[in-house]
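>>> one predicted model, sequence on top.
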Protein chains: 2
Amino acid sequence: MAEENTIFVGKKPTMNYVLAIVTQFNNNDVKRIVIKARGKSISKAVDIAEITRHKFVQDIKYERITLDTETLEGERGPSNVSSIEIVLSR
Amino acid sequence: MAEENTIFVGKKPTMNYVLAIVTQFNNNDVKRIVIKARGKSISKAVDIAEITRHKFVQDIKYERITLDTETLEGERGPSNVSSIEIVLSR
(Lines give C-alpha, C1' and ligand atoms only; values in the text may rest on other atoms or scores of the structure.)
Protein backbone atom coordinates (compact mmCIF):
# COMPACT_ATOMS: atom_id res chain seq x y z
CA MET A 1 0.00 0.00 0.00
CA ALA A 2 1.41 3.37 -0.96
CA GLU A 3 1.94 5.58 2.04
CA GLU A 4 1.97 9.34 2.44
CA ASN A 5 4.13 11.10 4.99
CA THR A 6 4.33 14.68 6.19
CA ILE A 7 7.49 16.50 7.24
CA PHE A 8 7.11 19.65 9.36
CA VAL A 9 10.09 21.95 8.87
CA GLY A 10 11.37 23.52 12.08
CA LYS A 11 14.69 24.50 13.59
CA LYS A 12 16.80 21.45 12.73
CA PRO A 13 19.52 21.74 10.07
CA THR A 14 18.37 21.50 6.46
CA MET A 15 20.21 18.24 5.79
CA ASN A 16 18.40 16.46 8.66
CA TYR A 17 15.12 16.91 6.81
CA VAL A 18 16.65 16.03 3.43
CA LEU A 19 18.03 12.76 4.79
CA ALA A 20 14.71 11.91 6.48
CA ILE A 21 12.93 12.36 3.15
CA VAL A 22 15.54 10.44 1.15
CA THR A 23 15.41 7.57 3.64
CA GLN A 24 11.66 7.35 3.37
CA PHE A 25 11.67 7.38 -0.43
CA ASN A 26 14.41 4.73 -0.54
CA ASN A 27 13.46 2.32 2.21
CA ASN A 28 9.70 2.24 2.24
CA ASP A 29 6.90 2.04 -0.22
CA VAL A 30 6.47 5.79 -0.05
CA LYS A 31 5.23 7.46 -3.21
CA ARG A 32 4.40 10.90 -1.83
CA ILE A 33 5.87 13.15 0.84
CA VAL A 34 4.39 16.46 1.98
CA ILE A 35 6.74 19.18 3.26
CA LYS A 36 5.03 21.82 5.42
CA ALA A 37 6.56 25.04 6.74
CA ARG A 38 5.50 28.40 8.17
CA GLY A 39 7.04 31.84 8.30
CA LYS A 40 10.81 32.05 8.00
CA SER A 41 11.05 28.26 7.63
CA ILE A 42 9.50 28.51 4.17
CA SER A 43 12.90 29.24 2.59
CA LYS A 44 14.32 26.18 4.31
CA ALA A 45 11.45 24.04 3.02
CA VAL A 46 12.26 25.08 -0.55
CA ASP A 47 15.95 24.28 0.04
CA ILE A 48 14.99 20.86 1.38
CA ALA A 49 12.80 20.08 -1.62
CA GLU A 50 15.37 21.30 -4.16
CA ILE A 51 18.33 19.50 -2.57
CA THR A 52 16.32 16.27 -2.34
CA ARG A 53 15.27 16.50 -5.96
CA HIS A 54 18.58 17.53 -7.50
CA LYS A 55 21.07 15.55 -5.45
CA PHE A 56 19.34 12.47 -4.09
CA VAL A 57 16.05 11.34 -5.65
CA GLN A 58 16.04 12.42 -9.28
CA ASP A 59 12.77 10.73 -10.24
CA ILE A 60 10.54 12.80 -7.98
CA LYS A 61 8.50 15.74 -9.15
CA TYR A 62 6.49 18.55 -7.62
CA GLU A 63 2.94 17.31 -7.62
CA ARG A 64 1.57 20.44 -5.97
CA ILE A 65 2.82 23.62 -4.27
CA THR A 66 0.29 25.51 -2.13
CA LEU A 67 0.65 28.84 -0.33
CA ASP A 68 -1.69 29.80 2.47
CA THR A 69 -2.10 32.03 5.54
CA GLU A 70 -2.64 30.59 9.02
CA THR A 71 -3.80 32.45 12.10
CA LEU A 72 -1.85 31.66 15.26
CA GLU A 73 -3.07 32.52 18.74
CA GLY A 74 -0.30 34.26 20.66
CA GLU A 75 0.03 36.05 23.98
CA ARG A 76 -0.57 39.36 22.24
CA GLY A 77 -3.62 38.16 20.31
CA PRO A 78 -3.94 36.39 16.98
CA SER A 79 -1.32 36.88 14.29
CA ASN A 80 -1.13 35.77 10.67
CA VAL A 81 1.70 33.72 9.27
CA SER A 82 2.29 32.47 5.72
CA SER A 83 2.64 28.77 5.06
CA ILE A 84 3.77 26.51 2.22
CA GLU A 85 2.91 22.93 1.39
CA ILE A 86 5.15 21.15 -1.11
CA VAL A 87 3.99 17.72 -2.31
CA LEU A 88 6.81 15.56 -3.70
CA SER A 89 5.82 12.42 -5.57
CA ARG A 90 7.50 9.80 -7.72
CA MET B 1 -2.78 45.14 -24.33
CA ALA B 2 -2.35 43.07 -21.17
CA GLU B 3 1.03 43.60 -19.60
CA GLU B 4 3.16 41.35 -17.48
CA ASN B 5 5.50 42.67 -14.79
CA THR B 6 8.16 41.07 -12.66
CA ILE B 7 8.99 41.98 -9.05
CA PHE B 8 12.36 40.90 -7.66
CA VAL B 9 12.19 40.54 -3.88
CA GLY B 10 15.21 41.93 -2.05
CA LYS B 11 15.95 43.75 1.18
CA LYS B 12 13.14 46.31 1.21
CA PRO B 13 10.27 45.94 3.70
CA THR B 14 7.53 43.49 2.75
CA MET B 15 4.86 46.18 2.44
CA ASN B 16 6.89 48.10 -0.15
CA TYR B 17 6.56 45.17 -2.52
CA VAL B 18 2.90 44.58 -1.65
CA LEU B 19 2.02 48.20 -2.42
CA ALA B 20 3.98 48.12 -5.69
CA ILE B 21 1.98 45.06 -6.78
CA VAL B 22 -1.37 46.47 -5.65
CA THR B 23 -0.66 49.74 -7.48
CA GLN B 24 0.12 47.89 -10.69
CA PHE B 25 -2.99 45.73 -10.49
CA ASN B 26 -5.18 48.76 -9.75
CA ASN B 27 -3.82 51.46 -12.02
CA ASN B 28 -2.70 49.70 -15.15
CA ASP B 29 -3.98 47.08 -17.49
CA VAL B 30 -1.89 44.46 -15.70
CA LYS B 31 -3.32 40.96 -15.68
CA ARG B 32 -0.28 39.07 -14.45
CA ILE B 33 2.59 39.79 -12.04
CA VAL B 34 5.55 37.51 -11.44
CA ILE B 35 7.23 37.58 -8.00
CA LYS B 36 10.79 36.21 -7.99
CA ALA B 37 13.01 35.56 -4.97
CA ARG B 38 16.09 33.60 -4.00
CA GLY B 39 17.42 32.13 -0.76
CA LYS B 40 16.15 33.68 2.46
CA SER B 41 13.94 36.11 0.54
CA ILE B 42 11.67 33.23 -0.47
CA SER B 43 9.72 33.48 2.81
CA LYS B 44 9.23 37.19 2.17
CA ALA B 45 7.99 36.49 -1.37
CA VAL B 46 5.31 34.16 0.03
CA ASP B 47 4.30 36.81 2.59
CA ILE B 48 4.04 39.40 -0.19
CA ALA B 49 1.84 37.14 -2.32
CA GLU B 50 -0.41 36.13 0.56
CA ILE B 51 -0.85 39.67 1.92
CA THR B 52 -1.63 40.98 -1.57
CA ARG B 53 -4.19 38.26 -2.19
CA HIS B 54 -5.94 38.31 1.19
CA LYS B 55 -5.94 42.00 2.04
CA PHE B 56 -5.81 43.98 -1.19
CA VAL B 57 -6.66 42.26 -4.47
CA GLN B 58 -9.11 39.48 -3.73
CA ASP B 59 -9.76 38.46 -7.34
CA ILE B 60 -6.22 37.28 -8.09
CA LYS B 61 -5.16 33.66 -8.04
CA TYR B 62 -1.93 31.70 -8.16
CA GLU B 63 -1.49 30.80 -11.80
CA ARG B 64 1.78 28.99 -11.21
CA ILE B 65 4.36 28.43 -8.44
CA THR B 66 7.78 27.17 -9.51
CA LEU B 67 10.77 26.15 -7.40
CA ASP B 68 14.25 25.96 -8.89
CA THR B 69 17.95 26.05 -8.06
CA GLU B 70 20.28 28.69 -9.45
CA THR B 71 24.07 28.64 -9.45
CA LEU B 72 25.71 31.91 -8.41
CA GLU B 73 29.37 32.71 -9.04
CA GLY B 74 30.94 34.01 -5.85
CA GLU B 75 34.45 34.85 -4.66
CA ARG B 76 34.76 31.37 -3.21
CA GLY B 77 33.53 29.60 -6.31
CA PRO B 78 30.04 28.71 -7.49
CA SER B 79 27.28 28.13 -4.95
CA ASN B 80 23.71 26.92 -5.32
CA VAL B 81 20.73 28.87 -4.11
CA SER B 82 17.03 27.95 -4.21
CA SER B 83 14.57 30.22 -5.98
CA ILE B 84 10.81 30.67 -6.25
CA GLU B 85 8.65 32.16 -8.95
CA ILE B 86 5.06 33.01 -8.04
CA VAL B 87 2.76 34.04 -10.89
CA LEU B 88 -0.26 36.06 -9.75
CA SER B 89 -3.03 36.62 -12.28
CA ARG B 90 -6.57 37.94 -12.32
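Nice, I can see it. The model shown is predicted, which means the values in this text are computed figures rather than measured ones. Numbering: from 1, shown residues only, chains lettered A, B, ... in the order given.
>>> contacts, neighbours, all on C-alpha from now
OK.
>>> for chain A, longest helix please?
helix A:14-27 (DSSP state H).
>>> next one: the next helix-or-strand element following it to chain centre, how far?
Along the chain past helix A:14-27, the next helix or strand (assigned with DSSP states H and E) turns out to be strand A:30-38. Averaging C-alpha positions (Cα atoms, centre = their mean, to the nearest Å) puts strand A:30-38 4 Å from its chain's average.
>>> so which elements touch strand A:30-38?
Counting contacts by 3 or more Cα pairs under 8 Å, 6 or more residues apart in numbering or on different chains; DSSP states H and E, the secondary-structure elements packed against strand A:30-38 are strand A:3-8, helix A:14-27, helix A:41-51, strand A:77-89.
>>> how far away is the closest residue to residue A:52 other than its chain neighbours from residue B:71?
Taking Cα to Cα, 6 or more residues apart in numbering or on different chains as the measure, residue A:52 lies nearest to residue A:18, with 5.8 Å between them; neighbours along the chain are not counted. Noted for residue A:18: a distance of 19 Å to residue B:71, by Cα to Cα, to the nearest Å.
>>> got it, and residue A:87?
Between residue A:87 and residue B:71 the distance is 24 Å, computed by Cα to Cα.
>>> of residue A:18 and residue B:71, who's got more company?
A direct count of neighbours by other Cα atoms under 10 Å in any protein chain shown for residue A:18 and residue B:71 places residue A:18 higher, at 21 against 10.
>>> picking that back up, check contacts around the residue nearest to residue A:52.
Going by Cα atoms under 8 Å, 6 or more residues apart in numbering or on different chains, residue A:18 touches A:48-49, A:51-52.
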